[in-house]
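**Q** make a model of this:
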Amino acid sequence: MKLLRAKCLPPPQLQHICQAVIISRILYAVSAWVGFLSAELKNRINGFFRRLYRYGYTPALVDVEQLLRNADETLFCKALKDVHCLHHLLPELKTLPIQLRPASDVH
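**A** Model prediction:
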């Protein structure tokens, strides 16, 4: 990344390369392996993300927990579709036998 910056690559393109090369490797199967990270390792990864942000390689400061939430939400939204390979692992939708009254507008 430093070499590309030294060759005067514009910041938006540096950010795309950082996302494609570095962050994508960290995000690969993050839902599976993040549970095995100690607090020390999470802090080291977060420190690495802070350095990436400080040097202008990422447009926003991110942390491991935020990336995990985003990855889990994305995976869950995809798994909700009938054609996804994990859809059969989800529980059946429950329908409640009772009807709740509609919320009234409070002024």
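**Q** send me the helix or strand bottoming out on mean pLDDT in the chain as CSV with only the CA atoms.
**A** For the chain, counting by mean pLDDT, DSSP states H and E, helix 30-33 ranks last in confidence among helices and strands (a mean of 80). Extracted in CSV, the C-alpha atoms of helix 30-33 (Å, rounded to 0.1, in the frame of the first residue of the first chain):
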residue,chain,number,x,y,z
VAL,A,30,-15.4,-14.0,9.7
SER,A,31,-18.6,-15.5,11.2
ALA,A,32,-16.9,-18.8,11.6
TRP,A,33,-13.6,-17.8,13.1
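**Q** where in the protein is pLDDT low?
**A** The chain contains residues with pLDDT under 70 at 105-107.
**Q** hmm, 90 instead?
**A** By pLDDT under 90, the weakly predicted segments of the chain are 1-9, 11-12, 23-37, 56, 62-72, 75-76, 86-87, 90-107.
**Q** helices of that one, residue ranges please.
**A** Taking DSSP state H to define them, one finds helices in the chain at 2-6, 11-18, 24-27, 30-33, 39-54, 64-79.
**Q** which of those helices sits closest to residue 99?
**A** Residue 99 lies closest, by C-beta to C-beta, to one member of the helices of the chain: helix 64-79, at 27.4 Å. (C-beta placed from N, C-alpha, C; glycine too.)
**Q** so what does that closest one touch, helix or strand wise?
**A** helix 24-27, helix 30-33, helix 39-54 (3 or more C-beta pairs under 8 Å, 6 or more residues apart in numbering; DSSP states H and E).
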